[in-house]
Structure formats: structure tokens, C-alpha cells
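Participant: no sequence on this one, just coordinates:
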């Protein structure tokens, strides 16, 4: 059993975990930085422990500080959310050494999947197709590898996730500068500057599969399409992946389950694939061994509380869900409302929301930690909240999203909301099945 | 333990449905910890909004907007965040005093929301002064370096 859960995260996901924990009768402790002591999750957790000052390197990313705060709190389990230390094997091991359960996969899985290169190798072992590319330990290696894959290519952080430490490089003369930036970002976000090289596919779609496993058994909860991205960070996600033949979707789902079984995967995870938008051939990208930002679209169509499943598996329970019990209904779309200026190259815009009127109504869900006067500090990522709509068909879901976006009013700082209004009105989006180049072609 | 949190998104949808089917325009709910206003959107488009106001949930503003820099020779930070002279700890700085720069020269990076944003010199010149030390939290528009 878990009696008292320490949440090693912030923002909307901390709030999301608090909700389910409380519904399960579990006490909650928020490990908050000094910049977040007045945040909404800090107000709503049963207890708050400070994990350090504002900058995440000294707080949310500090294994030592977070472990000390968790021990101090008297918790028996830790939920890492997404980002920060969520896929950090050292962190999971340090918690285990203190007798605290880590709500996530086994340490061996974290090590295998946290290193994106090792993950590629494991996927190949499980029989999954991967993109050309690979390891590049030194600057010279990066150049050699780049010469093999050709341009455009992607530099990706070995410990990466969330698009941090990822750069597209179109010309050989830009490689050195891009490498500097990618390594600096990887160092800041993950504490590991190592990057690797992968071929860039221009007409690709980003399709992922939600997985649940208990170490023995593994099932999937269908696909999500996250092709609309900027800086390799997702902006719009939907479930199931639209405009794709059923057999193509099933092929990807089966491949993901094969990988989960091969790993003896425990907990919630997501296998990400790059799908060729023209012939639906697919390549394994990575397996995210944590809850995803976009998990609510899967919850909407399946009715499964994924955080609850994570906590049950962490308590050592076997999955009670079977593949036959997963019967997705309708279509769900999530848009991320970020504190960013879409008209200024998505420049981050930290500050205070003087007004935050979020949509409400049937088939509308809003996961946010930003109410009136809510603060977006400059230290962390720019996510203010997620608007999720669910309807019987994709067409209705798109219509519902358009209406919901009309009622959304956030004042005091620029957000991505105006961009989402343009997206939802774009004929290509309305038709469905756009590729990752969609935003570049979006009308102003 | 507080008991007024378990207002889930399903609860909000229910409240919204009640309101939608009623003759009322808005519902205002206040507890010790929060105030929730669910209202029909202005203009009568049929949409509904939810607005939350949480007691005590407002932190201090971390980086106040700076006054626009009057110094035409200053290279200013394009956004708030932490300013770094070098791509990585221990690595040589992008530029040093006396270096010739062009408009596209990267003179440092500002880390905002975990993203590394290159700062370009913006025009040609010679670096005359480093105004801000490596690793300093800077406001948008704050002068970072001065050209001669």
C-alpha cells in the first residue's frame, strides 16, 4: 500500500497527481522550490517540503535535495510526474535505498530507456524498425556520423525528452553551433550533455502508443497523434491517431506491446514512433518511461485513470485491466496553452495571468494550475494548462475545440491560444492526419 | 487535509450542464480556499467559462520587466532568464572584451524555461564591456554587454 505520496514535480501535473491520490485516500506531500511555495499545488497538497531555490538545477533536478525532502516528509512513495527526475535511474535508486517506492518502471528499464541509444538497441532486439543514425561521443564523431546520415539531420540528447537538447541541422556549416546549443540544453535539462545523431524525416507524423504493464503482462491503450509541434515540443495531441488505416494503427500498437513485453515493463509508458505520412511505414523513436503531458486524451477515450493505474502497479498489484476491456470511444483532442508568444517565434513569456477564464462544458476538461493571478515563473517550462475536448466523432471534437477556444480568455501575458484558434480553423487540421511540418505552412 | 479539492473536471462539466439548462447566467461558488465562477461566455455564443481564484495562491513576480535601455551601444537580453557567457560550464566564453562581432554573432545564451536562447549581437562592433556576470538572472531588455 501507499499511505503518503511525495510528488517530485510542479505545475499542472503535480495537481493532477494530487487529485487521483486524494481520491484513493493517499496523503500527499509536494516537494516545491522556493519559487513555487505559493503555487496552486502547494496550496492543495496536504504537506509541502522545500526542495531548493527557484532554478531547477538546484531544486527539482537535484537528486540529493529531492531525496532529502522526501525522507524528511515521511512518505512511502514518490511520484516523479514528467520531465525533471522522472526518468532518472540514479534518483529512483536513491529513493529505493531509503525504502521509498518509485512510481515508475524498474531501474533496469529506466537505465535502458533513459539512454536513448540503449533504447534503440533494445527496440531492435524486440524486432522494431529504427531510423538510420546513432552514437556520437565527440565533436569529431558527430561530424563523421553526420556525413553518414546526410542533411537534414537531428541532434538529440542521449538522456533527452520533451524536445530539450534537440536541434535540426540543415547544413554542415551549422553543425558546430547547433551542437553547442543542443549540448548546453541537454546539460541544463538532464544533467548530461551527450547527444546522438539521427536522420530527419520531412514528411513524418508523430504517433505514440500508451502502454501499461505490471512486469509480466502488458497492454496498450491505443494511439495518440502528436504531429503538431514546434521546437520538437508538442502543441496539439489527439487520440486516436486520425486519418490512418486501422491495420496501420494496429501494427504500431502491436509493435509497442511487443517492446513492453520484451522489457517486462512496469507502470505507464509511451512508445513513440515516426510514421511516414505517405505509406504509414513506422520507426521506433523512444519509449518514455513516465506519464506523458498528453495522457488526458487517452483517458478521455478509454475512461481509464492512468495515474491511478501507475499507483496501483507501484503498490505491486497486477493489472486488472485486460486488452479486451480497453474499448476506446469517440475522439479527443488536447491543446497546450503555454506562456509563449506565437507571433515572436514562441518566445517564452513568464509573468502573471491577471485573468484566467478557461472553457467549461460538456466534453471539456481543463488541467491547469493557473487561476486568476497565477504566476508563471521564468525557471521552468511554459505550460500553463491543457484544454482537452472529447466527442463522439473527430468532426464534433474539432467543432467543440473551436468553441471552447473562443471562450478562453487569458490576460496579462501572451499565450499560444491565438495560434490554436488558427490551427482549429485550418482546413488541413480539420481534414486530419497532418505531418510535423504543419505549423510551418500555417496561415498567419 | 482539505475537503474542497475533489472538484474534478467531471464535476465542472456537471455544473456547466446545470447552468446551461437554466435561466441563470453564472454560478459563483466560494469556499474558504477558492472562488469558482462558471459563466455563460460574453456575447452569448453558447460557450461557458470557468474562472478560479485561489486564496493565497499568488507568488512574487520573479523578474520585473526592466525599463527599456536607453544606451544605443548596449546589447540587451531579448527575454528574462539566466544569462550565460559560455555554451557549457567550463567551456570558453562565446565572446570576450575586445572581440569583433557582427550582427549574427552569438554573444551568450539566455536560459528561459529550460530553453537555451542564443543572444545575437544585433549589429557590428567591438565588445567593450561585459555588464552582466555569467549565470546572472536578467530581466527582459536588461543590458548584457556594451559595444564600442
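Facilitator: That came in fine, so what should we check first? The shown structure was predicted, so the numbers you read here are calculated from the model rather than taken from an experiment.
Participant: How many residues are close by residue 90?
Facilitator: The chain I'm using is chain A. 15 (other Cβ atoms under 10 Å in any protein chain shown). For the C-beta atoms, the positions are set from N, CA and C on the backbone; glycine is no exception.
Participant: that's the wrong chain, I wanted chain B
Facilitator: The burial count for residue B:90: 5, using other Cβ under 10 Å.
Participant: To which secondary structure element type does it belong?
Facilitator: Here residue B:90 is recorded as coil under DSSP: H, G, I helix; E, B strand; the rest coil.
Participant: Could you report the pLDDT at residue B:90?
Facilitator: pLDDT recorded at residue B:90 is 80.
Participant: actually residue A:287, not the one I wrote
Facilitator: In this model, residue A:287 carries a pLDDT of 93.
Participant: three-state assignment of it?
Facilitator: Under three-state DSSP, residue A:287 comes out as strand.
Participant: From what I see, it and residue A:273 are in contact.
Facilitator: No. Counting by Cβ atoms under 8 Å, residue A:287 does not reach residue A:273; the two are 10.3 Å apart.
Participant: Of the two, which one has the most company?
Facilitator: residue A:287 (29 against 24).
Participant: Just want to check the distance between the more buried one and residue A:120.
Facilitator: Going from residue A:287 to residue A:120 by Cβ to Cβ, to the nearest Å gives 10 Å.
Participant: name the helices or strands packed onto the helix or strand where residue A:6 lies?
Facilitator: Assigned by DSSP states H and E, residue A:6 belongs to strand A:4-7. Identification of packing neighbours for strand A:4-7 by 3 or more Cβ pairs under 8 Å, 6 or more residues apart in numbering or on different chains; DSSP states H and E yields helix A:11-23, strand A:27-33, helix A:63-73, strand A:77-79.
Participant: so which of those comes closest to chain B?
Facilitator: Nearest of these to chain B, taken as Cβ to the nearest Cβ: helix A:11-23 at 6.2 Å.
Participant: Say whether chain B is contacted by that closest one.
Facilitator: Yes. Using Cβ under 8 Å from any Cβ of the partner chain, helix A:11-23 reaches chain B at A:18-19, A:22-23.
Participant: So residue A:182: helix, strand or coil?
Facilitator: With three-state DSSP as the criterion, residue A:182 reads helix.
Participant: Now do the strand holding residue A:6: distance to the chain's middle.
Facilitator: Distance of strand A:4-7 from its chain centroid, counting by Cα atoms, centre = their mean, to the nearest Å, is 21 Å.
Participant: contacting residues for whichever residue of the stretch 151-300 of chain A sits closest to chain B?
Facilitator: Residue nearest to chain B within the stretch 151-300 of chain A (Cβ to the nearest Cβ): residue A:180, separated by 4.0 Å. Residue A:180 sits next to B:87-88 when contact means Cβ atoms under 8 Å, 6 or more residues apart in numbering or on different chains.
Participant: gap between the closest residue to residue A:120 other than its chain neighbours and residue A:370?
Facilitator: Sequence neighbours aside, residue A:130 is the residue nearest to residue A:120 in space, at 5.2 Å (criterion: Cβ to Cβ, 6 or more residues apart in numbering or on different chains). Applying Cβ to Cβ, the value for residue A:130 to residue A:370 is 39 Å.
Participant: Which one's more surrounded, these two?
Facilitator: With neighbours defined as other Cβ under 10 Å, residue A:130 and residue A:370 compare such that residue A:370 has more, 28 against 17.
Participant: and that one, that's in a helix?
Facilitator: No. Read with three-state DSSP, residue A:370 is coil and lies in no helix.
Participant: Leaving out chain neighbours, which residue sits closest to it?
Facilitator: residue A:384 (4.6 Å).
Participant: what separates stretch A:64-75 from the chain centre, distance-wise?
Facilitator: Using Cα atoms, centre = their mean, the offset of stretch A:64-75 from its chain centre is 25 Å.
Participant: same question, stretch A:35-53
Facilitator: 22 Å.
Participant: Rounded mean pLDDT for it, please.
Facilitator: 94.
Participant: buried stuff in that stretch?
Facilitator: A:35-36, A:38-52 (16 or more other Cβ atoms under 10 Å in any protein chain shown).
Participant: ok, the residue nearest to residue B:18 when sequence neighbours are not counted - contacts?
Facilitator: Distances taken as Cβ to Cβ, 6+ apart put residue B:27 closest to residue B:18, at 7.7 Å, once the chain neighbours are dropped. Each residue near residue B:27 by Cβ under 8 Å, 6+ apart is listed here: B:15, B:18-19, B:37-39.
Participant: Residue A:373: neighbour count?
Facilitator: Neighbours of residue A:373 (other Cβ under 10 Å): 17.
Participant: Run through the helices of the stretch 101-250 of chain A in chain order.
Facilitator: A:107-114, A:116-125, A:139-149, A:175-190, A:246-263 (DSSP state H, counting those that start in this stretch).
Participant: Please disregard the earlier target; I meant chain B.
Facilitator: B:9-20 (DSSP state H).
Participant: just for it, where's the confidence low?
Facilitator: B:1-6, B:43-46, B:56-70, B:114 (pLDDT under 70).
Participant: Residue A:333 in helix, strand or coil?
Facilitator: Classified using three-state DSSP, residue A:333 is strand.
Participant: so how far is residue A:393 from it?
Facilitator: 12 Å.
Participant: quick one: which of these two has more around it?
Facilitator: Ranked by neighbour count (other Cβ under 10 Å), residue A:333 and residue A:393 place residue A:333 first, with 25 against 10.
Participant: Alright, calling it a day.
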